[in-house]
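A.B. asks: Coordinates for the following, if possible.
(one chain, ligands or ions: 2)
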Amino acid sequence: MSEKHEGGCFCGSVRYSTMGQPFRAAVCHCRYCQLRTGTAFGISVYFKENKVIFNDGACHIFSYETESGSKATLSRCANCGTTVSWRISLDALNNLVGIAGGTFDPPTFWYELDREVFTRSKANFCQIKSPESFEESPIYKPVKRDDGHLKGGV
Ligand SMILES: [Zn+2]
Ligand SMILES: [Zn+2]
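C.D. replies: Ligands and ions are numbered 1, 2, ... in the order given. This next block holds a predicted model:
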């Protein structure tokens, strides 16, 4: 018996379902997540690729390269712009799909948080209870400095 959860974007055109427990659920306070969401943190709920099924709602794909030299590829609803899912080209996240943690249908926050990462840029009003907490991330290996994104400016 594997539990199933569903969710999707704001307008309802992109929908997904997930099977079982996530591989990992993390709150991320990094600047990329802050800029991407326009708010204090991102919530990444990772599943193995074969545990997530998407409908055929049209998505726009956006990508950027991070300080680790990995490529983050975001899928956003082509109609309403909600970021629904992503993939990151890091060995540690190989064959995993990240689901945006706020997009599950209610009860939205059914999963347990495993960790919070990049607390170095955490908003001081955030009070998150999580078993593990990291200044950066255990899988973070910067190969270049991305001061433009991380400190403001271009
Ligand atoms: Zn939408
Ligand atoms: Zn992040």
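A.B. asks: Please name the bridge partners of the most centrally placed residue in the chain.
C.D. replies: Nearest to the geometric centre of the chain sits S44, at 3.2 Å (CA atoms, centre = their mean). Counting by DSSP bridges, S44 is bridged to A26, A100.
A.B. asks: ok, it to ligand 2 distance?
C.D. replies: Distance of S44 to ligand 2, given as CB to the ion, to the nearest Å: 7 Å. Quick note: C-beta positions are derived from backbone N, CA and C, even for glycine.
A.B. asks: Around T103, how many other residues sit close by?
C.D. replies: By other CB atoms under 10 Å, the residues close to T103 number 22.
A.B. asks: contacting residues for the closest residue to it other than its chain neighbours?
C.D. replies: Closest residue to T103 apart from its sequence neighbours, by CB to CB, 6 or more residues apart in numbering: G7 at 4.5 Å. Going by CB atoms under 8 Å, 6 or more residues apart in numbering, G7 touches 15-18, 84, 99, 103-105, 108.
A.B. asks: repeat that for 7 Å
C.D. replies: 16, 103-105 (CB atoms under 7 Å, 6 or more residues apart in numbering).
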